[in-house]
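Sequence and predicted structure, then a few things I'm wondering about:
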Amino acid sequence: MKKLTLYSRLECPLCEFAEELLAADGIGFEMVDIDESEALIKTYHVRVPVLSDGDKELDWPFNSAAARELANG
């Protein structure tokens, strides 16, 4: 199973929901706050939350089945 990255930002209700969805399903992920990088803000500003395996990305809305598929490559 691939380690996933969840691009998000603080005080983002959709980001919190995505985090809860992944955690509830036992899908491992690393949270990255896009506000810590100008490049990430430019890329993900209006798209967060975004789930990535490093090659592919899932824009919100995604479900746990799609996240599992991304993690399993």
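Thanks, I have the structure now.

Tally up the residues packed near the closest residue in space to Ser8 that isn't next to it in sequence, please.
Leaving aside its sequence neighbours, Ser8 sits nearest to Cys15 (CB to CB, 6 or more residues apart in numbering; 3.5 Å). Yep, even glycine has a C-beta here, placed from its N, CA and C like the rest. Counted with other CB atoms under 10 Å, the neighbours of Cys15 add up to 21.

dump the residue contacts of Cys15.
Cys15 makes contacts with 6, 8-9, 48-49, as judged by CB atoms under 8 Å, 6 or more residues apart in numbering.

How about Asp35?
9-10, 41.

would you say Glu16 is within a helix?
Yes: the assignment for Glu16 (DSSP: H, G, I helix; E, B strand; the rest coil) places it in a helix.

picking that back up, pull the most distant pair out of the contacts of Cys15.
Pairwise distances across the contacts of Cys15 peak at 10.7 Å for Leu6 and Arg9 (criterion: CB to CB).

So which of the contacts of Asp35 sit within strands?
The strands, defined by DSSP state E, take in nothing from these.

Buried subset of those residues, written for PyMOL?
Those of the contacts of Asp35 that count as buried under 16 or more other CB atoms under 10 Å are selected in PyMOL with:
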select buried, resi 9
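
Switch the contacts of Asp35 over to JSON lines; also include distance to Ala67 and pLDDT.
Below are the contacts of Asp35 laid out as JSON lines (distance: CB to CB, whole Å; pLDDT from 0 to 100):
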{"residue": "Arg9", "distance to Ala67": "19", "pLDDT": "97"}
{"residue": "Leu10", "distance to Ala67": "21", "pLDDT": "95"}
{"residue": "Ile41", "distance to Ala67": "23", "pLDDT": "98"}
